[in-house]
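1. With the sequence up front, the predicted model follows.
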Amino acid sequence: MAMKCSPKVLIVQFNRYLYDEEDGEKVYEKIHSDIHIDESLSLYNYYPNNSNEEIPNLDYVLSGIVFHNGDTPFCGHYTSCIKTEDHVGSPCFVHYDDEHGERRASNYITSLETKRRQCYMAMYVLDETNLVCERA
């Protein structure tokens, strides 16, 4: 069975650690580079273009981020931001840290360098406004 439909959820995990062995011991070094997170993502450039096929919708919108604050993959603290709407229907994010949630502006993830350096995983959902899907 061949899939001709985009997944509804796309999860992107960022490799934030370099692994090496020094004198027989495993050594992990955290990568602190700034990752640019877009609020939308298009995968059209990665889809094989066959003129006989209808191209499925490959547009995604950011729905959440997981952050890791720590120096090794074995210790640290994870937090997350989930996209929602405020009381008037405008998009915003809720930043969760353990049991506590705090509303943030819609550009909270994309504008703060500190958060972009802690980004561990991004979740995108398919923009279903112009969905075309076939299953073979």
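-> Nice, I can see it. On a predicted model such as this, the values are computed, not experimentally measured, just so you know.
2. Alpha carbons only: can I get stretch 57-66 in PDB?
-> Extracted in PDB, the C-alpha atoms of stretch 57-66 (Å, rounded to 0.1, in the frame of the first residue of the first chain):
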ATOM      1  CA  ASN A  57      -1.300  19.300   0.900                       C
ATOM      2  CA  LEU A  58       2.100  19.700   2.500                       C
ATOM      3  CA  ASP A  59       1.500  22.900   4.500                       C
ATOM      4  CA  TYR A  60       1.900  22.600   8.300                       C
ATOM      5  CA  VAL A  61       1.300  25.000  11.200                       C
ATOM      6  CA  LEU A  62       3.200  25.000  14.400                       C
ATOM      7  CA  SER A  63       1.100  23.500  17.300                       C
ATOM      8  CA  GLY A  64       3.700  23.000  20.000                       C
ATOM      9  CA  ILE A  65       7.300  22.900  21.200                       C
ATOM     10  CA  VAL A  66       9.200  20.900  23.800                       C
END
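3. Now do the same for that stretch: mean pLDDT, whole number.
-> The average of the pLDDT scores along stretch 57-66 is 89.
4. Arg117 falls within a strand, correct?
-> No: the assignment for Arg117, made by DSSP: H, G, I helix; E, B strand; the rest coil, is helix rather than a strand.
5. Might one say that it is in contact with Ser33?
-> Yes: at 7.1 Å, Arg117 and Ser33 qualify as touching, with contact defined as CB atoms under 8 Å. For glycine as for every other residue, the C-beta is placed from the backbone atoms N, C-alpha and C.
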